[in-house]
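**Q** After the sequence you'll find the predicted model.
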Amino acid sequence: MARYTGPSTKIARKFGEPIYGSDKYFEKRNFPPGQHGLAAKRKKAKEYGTQLQEKQKVKYMYGVLERQFHNTYDTASRMAGQKGENLILLLESRLDNIVYRLGIAPTRAAARQLVNHHHITLNGSVCSIASTIVKPGDTVAVRERSKSLEVIQASVANASKYSWLEFDKNTLVGKYLNLPVRAEVPENINEQLIVDLYSK
């Protein structure tokens, strides 16, 4: 399956929550999409369906394809600690997600585009691979020639702060200080459902 490029609100409505961030269209129509969305009698989801939906939600949230997600889970399962928490920490450590968390881009999709178009540097060198895993201590910055981009300036002005990241709005240079604690990651994710799905 190729990366989804359709309306993000439709996906948010499918999962019943604004998985891509604040969405005024979702607030107006926060019921399932489709002809019978509001009135449809939906069957009660079974255990497998609930687990699969949680995995799909996280895939859409972080913009990761099936094979990438499965490989990330395999890596997480080989690490010390809990598989679910390791999975979330690996997804949070992706370069596109770090760019988004620093406030350089308004969404993860926009962050991925900035990375792919060579606007972002990792430890001083241009990096165009959005799935690159950033390690604690690494520096992520905007290229000198890209600092005047309107989308970056507008996003930085409304950036949120996270305890595991450090960012200088004047120089547009950020640093990944340490791995976040699971409780600090604001997304509504039940990673245990994903672990249970892959454990079958």
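**A** Ah, there it is. Just so it is clear, the model here is predicted, and its values are computed rather than measured. Residues are numbered from 1 along each chain as shown.
**Q** Identify the residue nearest the residue positioned nearest the centre of the chain in space, chain neighbours excluded?
**A** In the chain, the centroid-proximal residue (CA atoms, centre = their mean) is Tyr62; its distance is 3.0 Å. Nearest residue to Tyr62 in three dimensions, chain neighbours excluded: Leu91, at 4.9 Å (CB to CB, 6 or more residues apart in numbering). For the C-beta atoms, the positions are set from N, CA and C on the backbone; glycine is no exception.
**Q** follow-up on the earlier one: correct me if wrong: the residue nearest to the centre of the chain contacts Ala111.
**A** No. Using CB atoms under 8 Å, Tyr62 is not in contact with Ala111; the gap is 10.7 Å.
**Q** Quick check: neighbours shared by the two?
**A** Asn97 (CB atoms under 8 Å, 6 or more residues apart in numbering).
**Q** got the residue ranges for the helices in this protein?
**A** 8-15, 24-28, 47-62, 66-78, 83-92, 95-102, 108-116, 150-157, 191-198 (DSSP state H).
**Q** So which of the ones you listed is the most surrounded?
**A** helix 95-102 (a mean of 26; mean count of other CB atoms under 10 Å).
**Q** on contacts alone, who are the packing partners of it?
**A** Using 3 or more CB pairs under 8 Å, 6 or more residues apart in numbering; DSSP states H and E, the elements in contact with helix 95-102 are helix 83-92, helix 108-116, strand 120-122, strand 139-142, strand 165-168, strand 173-176.
**Q** which outside residues touch the fourth one?
**A** The list of residues contacting strand 139-142 from outside it, by CB under 8 Å, 6+ apart, reads 95, 98-99, 102, 104, 119-124, 134, 149, 152, 171-176.
**Q** before we move on, the earlier item: residues touching the residue nearest to the centre of the chain, list them.
**A** 91, 94, 97, 108.
**Q** And these, which is closest to Thr5?
**A** Arg108 (13.6 Å; CB to CB).
**Q** per-residue confidence for that closest one?
**A** For Arg108, the model assigns a pLDDT of 92.
**Q** and the gap between the nearest residue to it once chain neighbours are set aside and Glu17?
**A** Using CB to CB, 6+ apart and skipping the chain neighbours, the partner closest in space to Arg108 is Tyr100 (4.7 Å). According to CB to CB, to the nearest Å, Tyr100 and Glu17 sit 18 Å apart.
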